[in-house]
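Visitor: Model the following, please.
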Amino acid sequence: MSNSRFTPSQLPRLEHPDGTSIRALVVDDEPSLAELVSMGARMLGWDVRVAHDGPAAVQEARSFSPDVLVLDWMLPGFEGTEVLRKVRAFQPGVPALFLTAKDAVEDRIEGLSLGGDDYVTKPFSLEEVLLRLHRLVERSGATAANSAELVVGDLVMDLDMREVRRAGEAVALTATEFDLLRYLMENARRVMSKNQILDSVWQYDFGGHANIVELYVSYLRKKIDAGREPMIHTVRGAGYVLKPAP
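Guide: I've put the predicted structure just below:
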């Protein structure tokens with residue numbers, strides 16, 4: 001572990017609009033690591049629950065309704081990716097951070113492509129994990145925020161409610177899909193490169209691997225453009241651009 005450069009109290013306190021605490025579910029079969037992360041999250045003022053295997057994690061999520069998940073990949077019962085799939089079936093928008101010893105670039109890409117919103121490898125810096133969790137909760141819409149909208153053509157994004165509509169029809173997005181669409185809408189009519197998107201949405205160095213951007217753009221197209229005039233366009237050799245449909 002690295003020497004701490006900050007104390008959790010230095011991060012802005014996050015809470016629900018009604019003043020209740022943010023809820024985090026930490027899932028790891030190593031009790032000492034689970035307790036370390038839990039301790040850090042509690043220092044942020046969050047309500048924390050812990051599970052040590054896949055089935056217990058899903059059961060805890062049903063009763064606890066966490067605002068963020070911390071998931072080990074390799075778990076007894078079934079893997080963290082399966083935990084995420086099962087939890088997202090009844091809590092679709094919950095963000096998840098994978099905390100795992102699988103440290104290859106390919107593993108990181110796989111974890112994100114399977115629905116993870118962030119990825120930290122073991123051994124880890126607790127300060128990094130807390131900062132990333134704080135950011136995920138800020139992005140998720142669980143906290144109070146000023147009402148604002150982004151509008152591009154018939155596509156409307158409510159930043160407060162974390163809702164998206166196209167031509168008045170609701171579009172259900174995961175946390176990462178929402179953030180990618182927000183970035184494209186904030187830069188509407190501008191061509192954004194894959195590296196720019198990686199830096200802004202994922203903030204990762206993938207060593208030149210942009211597969212994750214292509215994957216999530218394909219997810220967005222299926223939800224935003226399916227059966228309609230397309231708004232998301234590929235500019236060969238340059239990147240992607242979102243603009244109003246003709």
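Visitor: Tell me the first helix or strand C-terminal of the lowest-mean-pLDDT helix or strand in the chain.
Guide: Here the helix or strand of the chain ranked lowest by mean pLDDT, DSSP states H and E is helix 105-113, holding a mean of 77. Sequence-wise, the next helix or strand downstream of helix 105-113 (DSSP states H and E) is strand 118-121.
Visitor: Now do the helices in the chain.
Guide: 31-43, 54-64, 80-90, 105-113, 126-140, 175-186, 194-197, 211-220 (DSSP state H).
Visitor: closest to L71 out of the ones you listed?
Guide: Closest to L71 of those is helix 80-90 (C-beta to C-beta; 3.7 Å). (C-beta placed from N, C-alpha, C; glycine too.)
Visitor: before we move on, the earlier item: now the least confident helix or strand of the chain: buried residues?
Guide: Residues of helix 105-113 classed as buried by neighbour count (16 or more other C-beta atoms under 10 Å): D107, R108, I109, E110, G111, L112.
Visitor: looking at the helices of the chain, which is buried most?
Guide: Comparing the helices of the chain by mean neighbour count (mean count of other C-beta atoms under 10 Å), helix 175-186 comes out on top with a mean of 21.
Visitor: for it, packing partners?
Guide: Judged by 3 or more C-beta pairs under 8 Å, 6 or more residues apart in numbering; DSSP states H and E, helix 175-186 is in contact with helix 126-140, strand 149-152, strand 155-158, helix 211-220, strand 239-242.
Visitor: Show me what the third one is packed against.
Guide: It refers to strand 155-158. Checking 3+ C-beta pairs under 8 Å, 6+ apart, strand 155-158 ends up next to strand 149-152, strand 163-166, helix 175-186.
Visitor: any chance of those in TSV, plus distance to A41 and mean pLDDT?
Guide: What follows is these, written out as TSV (distance: least, C-beta to C-beta, whole Å; pLDDT from 0 to 100):
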stretch	distance to A41	mean pLDDT
strand 149-152	31	86
strand 163-166	27	93
helix 175-186	18	91
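Visitor: right, and these - which one's nearest I22?
Guide: Short answer: helix 175-186, nearest of these by C-beta to C-beta, at 14.4 Å.
Visitor: about what we covered before: could you dump the helices and strands packed on helix 175-186 into a markdown table and include distance to G54?
Guide: Shown next, in a markdown table, are the helices and strands packed on helix 175-186 (distance: least, C-beta to C-beta, whole Å):
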| stretch | distance to G54 |
| --- | --- |
| helix 126-140 | 21 |
| strand 149-152 | 37 |
| strand 155-158 | 34 |
| helix 211-220 | 24 |
| strand 239-242 | 36 |
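Visitor: hang on, the earlier thing: and the helices of the chain as TSV, adding distance to L242?
Guide: What follows is the helices of the chain, written out as TSV (distance: least, C-beta to C-beta, whole Å):
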stretch	distance to L242
helix 31-43	35
helix 54-64	33
helix 80-90	25
helix 105-113	21
helix 126-140	19
helix 175-186	4
helix 194-197	11
helix 211-220	9
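Visitor: which stretch among those comes nearest E149?
Guide: helix 175-186 (9.9 Å).
Visitor: nearest residue to the residue nearest the centre of the chain other than its sequence neighbours?
Guide: In the chain, the residue lying closest to the centroid (C-alpha atoms, centre = their mean) is D117, at 3.1 Å. Among residues not flanking D117 along the chain, P95 sits closest, at 4.4 Å (C-beta to C-beta, 6 or more residues apart in numbering).
Visitor: Low-confidence stretches in this protein?
Guide: Low-confidence segments of the chain (pLDDT under 70): 1-9, 18, 103, 144-147, 203-210.
Visitor: surely A188 meets K243?
Guide: Yes: A188 is within contact range of K243, at 6.1 Å (criterion: C-beta atoms under 8 Å).
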